[in-house]
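Chemist: got a sequence here, can you build the structure:
(chains A and B)
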Amino acid sequence: GAGVSQTPSNKVTEKGKYVELRCDPISGHTALYWYRQSLGQGPEFLIYFQGTGAADDSGLPNDRFFAVRPEGSVSTLKIQRTERGDSAVYLCASSLRGRPGLAGGETQYFGPGTRLLVL
Amino acid sequence: QKEVEQNSGPLSVPEGAIASLNCTYSDRGSQSFFWYRQYSGKSPELIMSIYSNGDKEDGRFTAQLNKASQYVSLLIRDSQPSDSATYLCAVTPFTGGFKTIFGAGTRLFVKA
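Modeler: Next up, the predicted model:
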């Protein structure tokens, strides 16, 4: 079946602009995660959705970052007034249930990522 | 102290040898532990998950968990050049809701 997809694959923008990054999770997966990864680092947690609600947004770095998942499937990560420090690969992952300790339920499947470059 | 720590490497092993990758974590109440493999320019893919103390084997891979020492490791037997990648340790902290914390990864090179 289809995996997690993300669009665009690459995005170049200018400092101060607004960007939207889209994630299409695996069909039937209720949990969705956003991460960002800088060169030489592991993925950094941003936000977790269970269904339509953001169950944990503690990783969003500031109020310029916002994410939605209005119908419990596709999610959009929105970044306002982009800064050069926002340049990174933004990864989306989905899992079947997202409940810790439930074997297999929380296996996260990652999309290919969106490479964001802020000039 | 970082929440999840790994030696950045690179770790270089000859083909056919055992590669040993280590990870420590700071949240003693952490519940779930994962090893992901990430090839250069690609996204992470899960290779092992472990939830209780002891060893868990899957093919050439063995994950080991010691919650008392807050330590998790990954052994790769009969290493192949195709195993050359960055290996990411990830932990779901007890106090962290549903977030997953990743280490910075260890780069592994398997020499043919």
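
Chemist: out of everything not next to it in sequence, what's closest to residue A:68?
Modeler: residue A:76 (5.5 Å; C-beta to C-beta, 6 or more residues apart in numbering or on different chains). Bear in mind the C-beta positions are built from the backbone N, C-alpha and C, glycine included.

Chemist: go ahead and list the helix or strand containing that neighbour.
Modeler: Per DSSP states H and E, residue A:76 falls inside strand A:75-79.

Chemist: quick one: strands adjacent to that strand?
Modeler: strand A:19-24 (antiparallel), strand A:65-68 (antiparallel) (DSSP bridges).

Chemist: and the residue of chain B nearest chain A?
Modeler: Closest residue of chain B to chain A, C-beta to the nearest C-beta: residue B:102 (3.3 Å).

Chemist: now for that residue: which residues touch it?
Modeler: A:35, A:42-45, B:4, B:36, B:88-90 (C-beta atoms under 8 Å, 6 or more residues apart in numbering or on different chains).

Chemist: which helix or strand lies directly C-terminal to the strand holding residue A:76?
Modeler: By DSSP H and E, the next helix or strand past strand A:75-79 is strand A:88-95.

Chemist: contacts only, for the residue nearest to residue A:64 when sequence neighbours are not counted.
Modeler: Closest residue in space to residue A:64, ignoring its immediate chain neighbours: residue A:80 at 4.6 Å, by C-beta to C-beta, 6+ apart. Residue A:80 is in contact with A:18, A:64-66, counting by C-beta under 8 Å, 6+ apart.

Chemist: out of the residues you listed, who's nearest chain B?
Modeler: Comparing those against chain B with C-beta to the nearest C-beta places residue A:65 closest, at 15.0 Å.

Chemist: look at the closest one and report its pLDDT.
Modeler: Here the pLDDT value assigned to residue A:65 is 97.

Chemist: which residues of chain A fall in strands?
Modeler: Secondary structure of chain A (DSSP state E): strands located at A:5-7, A:10-13, A:19-24, A:31-37, A:44-50, A:53-56, A:65-68, A:75-79, A:88-95, A:109-110, A:114-118.

Chemist: how far off centre is the last one?
Modeler: When C-alpha coordinates are averaged (C-alpha atoms, centre = their mean, to the nearest Å), strand A:114-118 and its chain have centres 13 Å apart.

Chemist: any buried residues in that strand, and which?
Modeler: A:114-116, A:118 (16 or more other C-beta atoms under 10 Å in any protein chain shown).

Chemist: remind me which residues of the chain are low pLDDT?
Modeler: All of this refers to chain A. A:1, A:98-105 (pLDDT under 70).

Chemist: hmm, no, I was thinking of chain B.
Modeler: In chain B, residues with pLDDT under 70: B:1, B:94-97.

Chemist: now tabulate the contacts of residue A:80 in a markdown table and tack on neighbour count.
Modeler: A markdown table is the format used below for the contacts of residue A:80 (neighbours: other C-beta atoms under 10 Å in any protein chain shown):
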| residue | neighbour count |
| --- | --- |
| A:18 | 11 |
| A:64 | 14 |
| A:65 | 18 |
| A:66 | 15 |
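
Chemist: for whatever residue of chain A ends up closest to chain B, give me phi and psi.
Modeler: Residue of chain A nearest chain B, by C-beta to the nearest C-beta: residue A:42 (3.3 Å). When read as degrees, to the nearest 10, the backbone of residue A:42 gives phi -80, psi 170.

Chemist: now stretch A:87-98: buried residues?
Modeler: For stretch A:87-98, by 16+ other C-beta under 10 Å, it's A:87-96, A:98.
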